[in-house]
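**Student:** 3D, please:
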Amino acid sequence: MPQRLLHKLSTTLKKPEFAQDPGQTHRVIVECQSRGADRISNYVQDNQGRVHKELKVFPALVVELSYEAIQDLTVSNQVKRIWYDSRVQALLNVAVPVMGGMKAQESGFTGKGMTAAIIDTGIYPHPDLASPENRIIGWNDLVNGKTEPYDDNGHGTHVAGIIAGNGRASNGRYKGVAPEASLVGVKALDDSGSGNTSDIITALEWCIDNRAQYNIKAINMSLGSAAQDSYRSDPLCRAVTAAWNSGMVVCVAAGNSGPDAQTINSPGITPTVLTIGNFDDKRTIDPADDQLSESSSRGPTIDNIAKPDILAPGTGIVSLRVPMGYRALTGTSMATGFATGSALLVLEKNPSFRPNQVKQELARNARNMNLETTMQGAGALQLNGLFEESSGKSARFSLENLGQYAPYAMLMLIPVLFGF
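**Tutor:** A predicted model of the protein is given here:
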């Protein structure tokens, strides 16, 4: 292949292992000129390939072709760039058995009227989400095409409980951050917790198209893959930027690839989005022993940008199990759920806020853990500065009534998150 065309292949596609078997077919994303889709589609069919779908956030086709044909395709002046359609993983680390309890919730800010879209393995209608009323108000299955919400892995449901579980099955013991918020499930990860980058992009496109219908205020993305290219060209980063610019707060897991530096996953490398790392409270009341989780990904990003933006509790978090009950899981996936729920509360209190303002508010009130910015961002998520003691919904939270804000182990994270 002529040297001048190498710039059209993504970093991944330039790896030697692809050239070792040029006849092997690969699923790729082909960015094309605005009117080049038809010509590329014809080329794919002529070369015994397959066109899976067309993307909208930028002109592109998702196709399967042999590596040899992919190389030949770079010659076309209709092709701008070709990416390997990488597999994206739910960012779960390990399960940790814990027990917990919650205080009664008396505040008026509960996420009511707010909606979060969860791009994940699905959402199961657990009683904490579907009773006394079903708060899963929207659903799109990009994996199996089913019309009713389900979760054949459990990861998405666990995250959903952190964001919006109402504790019904536990008599209020385990509640999420915004227990009256509505949810939209977009299943883009399969039963093993993985999916194609192109499917995540399609999920984001669907959220943009349906934002007004479901009043989607935030998108939770507890998923990612190793960053290979700059956020400026990375297709998933461009898609999350489009979602952010459309008016939705996009919360993305930093990844579980620590403790090494420069391990922030894509799309968490995107400067605009809110990228969340995981801190471990050691299950004690004293915040002095809080530590950045060893597995939480560190910055800087591949573009040398400081990330994550903020840390949130992500170790031993009790939330929903499919089909009933609860379990404890650990990872930046869980931490991301806390940030998404918190974003809904900020927007409930400040409905005119744009995503950048929500991000600034959460960062401004974060608790400094005295770590490098590339480890902690602004610090540990806490809401006491945003929801000060007051009575009445039109004012702010009373700190003494914030015990319900998360399925924490033995209530130990409550003082950490809210500054007790």
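**Student:** Going by C-alpha atoms from here, please, whenever you check contacts or count neighbours.
**Tutor:** Noted.
**Student:** just for the stretch 301-420 of the chain, where's the confidence low?
**Tutor:** In the predicted model, the stretch 301-420 of the chain carries pLDDT under 70 at residues 387-420.
**Student:** Look up the closest residue to the residue positioned nearest the centre of the chain, ignoring the ones flanking it.
**Tutor:** Centroid-nearest residue in the chain, with Cα atoms, centre = their mean: M221, separated by 1.2 Å. The spatial neighbour of M221 that comes closest, neighbours along the chain excluded (Cα to Cα, 6 or more residues apart in numbering), is V252 at 4.8 Å.
**Student:** Which of the three states applies to that neighbour?
**Tutor:** The three-state label given to V252 by DSSP: H, G, I helix; E, B strand; the rest coil is strand.
**Student:** give the contact list for it.
**Tutor:** By Cα atoms under 8 Å, 6 or more residues apart in numbering, the contact set of V252 is N220, M221, S222, L223, P267, G268, V273, L274, T275, I276, T336.
**Student:** The fourth one: how many residues sit nearby?
**Tutor:** If I follow you right, that is L223. Using other Cα atoms under 10 Å as the criterion, L223 is surrounded by 29 other residues.
**Student:** How about the backbone phi and psi for it?
**Tutor:** When quoted as degrees, to the nearest 10, the phi and psi of L223 stand at phi -160, psi 170.
**Student:** and N220, which of the three is it?
**Tutor:** Three-state secondary structure (criterion: three-state DSSP) places N220 in strand.
**Student:** My guess is it contacts T336. True?
**Tutor:** Yes: with contact defined as Cα atoms under 8 Å, N220 counts as touching T336 (7.0 Å).
**Student:** More neighbours: which of the two?
**Tutor:** Neighbours were counted for N220 and for T336 using other Cα under 10 Å; T336 has more, 34 against 26.
**Student:** Relative to I216, how far out is the more buried one?
**Tutor:** 17 Å (Cα to Cα, to the nearest Å).
**Student:** Next: D141.
**Tutor:** Distance from D141 to I216, by Cα to Cα: 17 Å.
**Student:** So for the two, which residue has more residues nearby?
**Tutor:** Neighbours were tallied for D141 and for I216 using other Cα under 10 Å; the higher tally belongs to I216 (24 against 19).
**Student:** Setting aside sequence neighbours, what's the nearest residue to that one?
**Tutor:** When the adjacent residues along the chain are set aside, I216 lies closest to T115, with 4.7 Å between them (Cα to Cα, 6+ apart).
**Student:** got any ranges where this protein has weak pLDDT?
**Tutor:** Regions of the chain meeting the criterion pLDDT under 70 cover residues 1-4, 92-107, 283-286, 387-420.
**Student:** Quick one: list the elements packing against the longest helix along the chain.
**Tutor:** In the chain, assigned by DSSP state H, the helix with the most residues is helix 332-349. If contacts are counted by 3 or more Cα pairs under 8 Å, 6 or more residues apart in numbering; DSSP states H and E, helix 332-349 sits against strand 115-120, helix 155-164, strand 216-221, strand 249-253, strand 274-280, strand 310-313, helix 355-364.
**Student:** same thing but at 7 Å, please
**Tutor:** In terms of contacts (3 or more Cα pairs under 7 Å, 6 or more residues apart in numbering; DSSP states H and E), helix 332-349 is packed against helix 155-164, strand 216-221, strand 249-253, strand 274-280, strand 310-313.
**Student:** okay if I get these as CSV plus distance to L73?
**Tutor:** As requested, those are exported to CSV (distance: least, Cα to Cα, whole Å):
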stretch, distance to L73
helix 155-164, 37
strand 216-221, 32
strand 249-253, 33
strand 274-280, 35
strand 310-313, 42
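**Student:** Can you say which of those is nearest to E348?
**Tutor:** When the helices and strands packed on helix 332-349 are compared for distance to E348 using Cα to Cα, the nearest one is strand 216-221, at 9.7 Å.
**Student:** Which strands border the closest one, and is each parallel or antiparallel?
**Tutor:** In the sheet containing strand 216-221, the strands it pairs with under DSSP bridges are strand 115-120 (parallel), strand 249-253 (parallel).
**Student:** quick one, which of those strands is nearest to C207?
**Tutor:** Distances from C207 to each of those were compared using Cα to Cα; the shortest belongs to strand 115-120, at 7.3 Å.
**Student:** quick revisit: dump the strands paired with strand 216-221 into JSON lines; add distance to V63 as well.
**Tutor:** Converted to JSON lines, the strands paired with strand 216-221 look like this (distance: least, Cα to Cα, whole Å):
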{"stretch": "strand 115-120", "distance to V63": "22"}
{"stretch": "strand 249-253", "distance to V63": "27"}
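**Student:** just those: most buried one?
**Tutor:** Between the strands paired with strand 216-221, strand 249-253 has the highest mean count of neighbours, a mean of 31, where neighbours are mean count of other Cα atoms under 10 Å.
**Student:** residues in contact with K53?
**Tutor:** Shown in contact with K53 (Cα atoms under 7 Å, 6 or more residues apart in numbering): L61, V62.
**Student:** What segments of the stretch 101-250 of the chain are helices?
**Tutor:** Along the stretch 101-250 of the chain, the segments classed as helices by DSSP state H, counting those that start in this stretch run 127-130, 155-164, 197-209, 211-214, 235-245.
**Student:** Return the most buried member of the ones you listed.
**Tutor:** For these, the highest mean count by mean count of other Cα under 10 Å goes to helix 155-164, at a mean of 32.
**Student:** Is Q78 in contact with C32, as I believe?
**Tutor:** Yes: using Cα atoms under 7 Å, Q78 is in contact with C32, at 5.5 Å.
**Student:** between those two, which one's more packed in?
**Tutor:** In terms of neighbours (other Cα under 10 Å), C32 is the more surrounded of Q78 and C32; the figures are 22 against 19.
**Student:** Once you drop chain neighbours, what's closest to that one?
**Tutor:** Nearest residue to C32 in three dimensions, chain neighbours excluded: V79, at 4.5 Å (Cα to Cα, 6+ apart).
**Student:** M375: what's it in contact with?
**Tutor:** For M375, the contact set (Cα under 7 Å, 6+ apart) comprises R298, G299, P308.
**Student:** same question, A239
**Tutor:** Contacts for A239 (Cα under 7 Å, 6+ apart) come out as V57, I201, L204.
**Student:** And A227, by the same measure?
**Tutor:** Counted by Cα under 7 Å, 6+ apart, A227 has contacts N265, S266, I302.
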